[in-house]
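> structure here, sequence nowhere to be found:
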DNA sequence: ATGTTATTGGGACCGATTCTCAAAACCGAC
DNA sequence: GTCGGTTTTGAGAATCGGTCCCAATAACAT
């Protein structure tokens, strides 16, 4: 609890939920996976692999990539296709709620934003409709805003 | 006009517009670039590099990649970050109008869809607002629906 | 035609991600 | 608590879209 690492953005019950999601797919919630999850949770914004390693240098690259994959497959985290050189990862919406992204076209960083429930419902309904017309069964949507972040203006 | 290649989805005036966009950046509208543009226009959906080469085998891979880059930088085409193994390309919105994408999580194909002006304006306004609050200067947005396409149900 | 600049092709190269495999950590049963 | 079976780890090799290089060629202007 009061060790050197800032840690602690996730409650113990959230960790139990994550462990259950992993167990459902036959995976364990090991120390390395827990540290990885805590880095992602503590950042408050989607991170790249270098970001993760910078925050937790004790982790090895191959294990982090493998665990990002396991966590994604178990529904704990989400991989974002931002178009930059590195993929970004963040906790899945089942853990942190539905939201969208501001992607800086200059430096590539990604920030989370939420829209009002009213707009969200409206968009959802409109998408359902056009998807249905195309014989497409939607499972979710991504709404990204591209532009210049405050640091890059 | 009635040669073997299906061609002809673009009017001559659109080609002149494209030539002008290229010229503005000091580039020429060569035969290879024109064939590339015609493949993208004729498909009616965003294509990957293998798609392009399959449609026009006479083009060489390195030139296609280079020209996709030149055309993107000149504002003629847009590169989509769909998350699959290959990037997808399509004519830019200045040429084909604003629209969104249905991305199949199974086979990776991408289809275009349009939303009503009313929804579009509402989304735009909502995004402007949240972006502004974050000190972010938006230049555009991407709204992708992920799900299972008609062929993959 | 002739010079000048942009473009092409194909192969070498790069770099993010994935794969391999032997060693180490886990976990339940005895 | 330790033995056996299973999962995970770490370090490096391998993969594979995509980019870069450079000599040969096409476009354009004069």
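Structure's in. What do you need? Just so it is clear, the model here is predicted, and its values are computed rather than measured. Numbering: from 1, shown residues only, chains lettered A, B, ... in the order given.

> thought residue A:97 was touching residue A:114?
Yes - counting by Cβ atoms under 8 Å, residue A:97 does reach residue A:114; the two are 7.4 Å apart. All C-beta atoms are positioned from the backbone trio N, CA, C, and that covers glycine.

> who's in contact with residue A:116?
For residue A:116, the contact set (Cβ atoms under 8 Å, 6 or more residues apart in numbering or on different chains) comprises residue B:126.

> return the distance of it relative to residue A:147.
Relative to residue A:147, residue A:116 is positioned 20 Å away (Cβ to Cβ, to the nearest Å).

> what is the longest strand along chain A packed up against?
Longest strand in chain A by number of residues, with DSSP state E as the criterion: strand A:137-148. Applying 3 or more Cβ pairs under 8 Å, 6 or more residues apart in numbering or on different chains; DSSP states H and E, we find strand A:137-148 packed against strand A:100-104, helix A:117-133, helix B:117-133, strand B:137-148.

> so of these, which one's packed in deepest?
Highest mean neighbour count among the helices and strands packed on strand A:137-148 (mean count of other Cβ atoms under 10 Å in any protein chain shown): strand A:100-104, with a mean of 23.

> so the residue nearest the centre of chain A bridges to which residues?
Closest to where the C-alpha atoms of chain A average out (Cα atoms, centre = their mean) is residue A:90, at 1.6 Å. Counting by DSSP bridges, residue A:90 forms beta bridges with residue A:78.

> quick one: contacts for it?
Here residue A:90 is in contact with A:40, A:43, A:45, A:46, A:47, A:77, A:78, A:80, A:96, A:112 (criterion: Cβ under 8 Å, 6+ apart).

> residue A:94: neighbouring residues, count only.
12 (other Cβ atoms under 10 Å in any protein chain shown).

> against residue B:16, how distant is the most far-flung residue of chain A relative to its centre?
The outermost residue of chain A relative to its centre, with distances by Cα atoms, centre = their mean, is residue A:133 at 30.2 Å. Residue A:133 is 34 Å from residue B:16, where distance means Cβ to Cβ.

> check residue A:107 too.
For residue A:107, the distance to residue B:16 - Cβ to Cβ - is 37 Å.

> do the helix or strand hosting residue A:39 and DNA strand C meet?
Per DSSP states H and E: residue A:39 is located in helix A:31-43. Yes - counting by Cβ under 7 Å from any atom of the strand, DNA strand C is contacted by helix A:31-43 at residue A:31.

> and stretch A:95-115, by the same measure?
No - residues of stretch A:95-115 are not located near DNA strand C by Cβ under 7 Å from any atom of the strand, the shortest gap being 11.4 Å.

> any idea how far apart the tips of that stretch sit?
17 Å (Cα to Cα, to the nearest Å).

> buried residues in that stretch?
Neighbour counts over stretch A:95-115 (16 or more other Cβ atoms under 10 Å in any protein chain shown) mark A:95-96, A:100-104, A:108-111, A:113, A:115 as buried.

> just for chain A, where's the confidence low?
Applying pLDDT under 70 to chain A flags residues A:1-8.

> up against chain B, what does it have?
A:79, A:81-83, A:102, A:104-105, A:111, A:113-116, A:119, A:122-123, A:126-127, A:130-131, A:134-150, A:153 (Cβ under 8 Å from any Cβ of the partner chain).

> how near is the closest residue to residue A:110 other than its chain neighbours to residue A:108?
Once flanking residues are discounted, residue A:110 sits nearest to residue A:46: 4.5 Å by Cβ to Cβ, 6 or more residues apart in numbering or on different chains. Taking Cβ to Cβ as the measure, residue A:46 falls 10 Å from residue A:108.

> between these two, which contacts overlap?
Common neighbours of residue A:46 and residue A:108 (Cβ under 8 Å, 6+ apart) are residue A:82.

> ends of stretch A:87-96, what's the gap?
End-to-end distance for stretch A:87-96, by Cα to Cα: 19 Å.

> show me what contacts residue A:52?
Residue A:52 neighbours (Cβ under 8 Å, 6+ apart): A:36, A:39, A:40, A:59, A:64, A:89.

> what helix or strand is it on?
Going by DSSP H and E, residue A:52 is in helix A:49-55.

> could you do residue A:18 as well?
Using DSSP H and E, residue A:18 falls in helix A:12-24.

> what packs against that helix?
helix A:31-43, helix A:93-96.

> with that, I have no additional questions.
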